[in-house]
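> Test case, fold it:
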Amino acid sequence: MLKNFLEPELENFGGAIAHTANLAIEVIQRMFPKKIISKNGNVKLPPRSPNLTPIDFFLWGYLTLKLYDPLPTNLNQLKQRIRDEIQAIPEQLYCRVFTYFREK
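Residues are numbered from 1 along each chain as shown. A predicted model of the protein is given here:
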């Protein structure tokens with residue numbers, strides 16, 4: 001999957017996402033030598049890095065709950081549902097997430 005799907009997709013996308021499984025790290029390190037920012041990469045990601053925001057910890061889990069009930073039938077439907085669900089998140093929820101993150 002990494003070689004046949006991820007690598008071509010990354011070439012089209014122009015970037016990488018975080019992965020920490022040993023097999024994934026090995027493949028990604030071959031694809032992006034000395035450029036991996038991760039706890040398992042060659043550039044260590046510091047704790048509470050400003051590169052990671054409360055949205056990184058909150059948004060994808062929240063969206064996953066919303067996006068797959070019912071399951072989207074195609075990629076365009078999934079993309080539109082992501083847009084719609086992000087627009088529908090109340091501002092108060094973002095405020096609570098940021099407040100909680102600062103307190104922890």
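
> Helices of this structure, residue ranges please.
7-13, 22-31, 54-67, 75-88, 91-103 (DSSP state H).

> What residues of the second one count as buried?
Taking 16 or more other C-beta atoms under 10 Å as the basis for neighbour counts, the residues of helix 22-31 that come out buried are 24, 25, 27, 28, 29, 31. (Glycine included, C-beta is placed from N, CA and C.)

> what's the answer for stretch 76-87, then?
Neighbour counts over stretch 76-87 (16+ other C-beta under 10 Å) mark residue 85 as buried.

> would you turn the helices of the chain into JSON lines with distance to residue 1 and mean pLDDT?
Formatted as JSON lines, those follow (distance: least, C-beta to C-beta, whole Å; pLDDT from 0 to 100):
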{"stretch": "helix 7-13", "distance to residue 1": "10", "mean pLDDT": "68"}
{"stretch": "helix 22-31", "distance to residue 1": "10", "mean pLDDT": "78"}
{"stretch": "helix 54-67", "distance to residue 1": "19", "mean pLDDT": "79"}
{"stretch": "helix 75-88", "distance to residue 1": "17", "mean pLDDT": "90"}
{"stretch": "helix 91-103", "distance to residue 1": "32", "mean pLDDT": "79"}
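
> quick one on the thing from earlier: I'd like the buried residues of helix 22-31 as a markdown table, with distance to residue 64 appended.
Converted to a markdown table, the buried residues of helix 22-31 look like this (distance: C-beta to C-beta, whole Å):
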| residue | distance to residue 64 |
| --- | --- |
| 24 | 19 |
| 25 | 23 |
| 27 | 24 |
| 28 | 23 |
| 29 | 27 |
| 31 | 26 |
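
> In terms of distance to residue 5, which of those residues ranks first?
For the buried residues of helix 22-31, the minimum distance to residue 5 (C-beta to C-beta) is 11.2 Å, reached by residue 27.

> wait, isn't that closest one in contact with residue 5?
No - look at residue 27 against residue 5 with C-beta atoms under 8 Å: they stay out of range, at 11.2 Å.

> Name the residues that touch stretch 83-94?
55, 59, 62, 63, 66, 67 (C-beta atoms under 8 Å, 6 or more residues apart in numbering).
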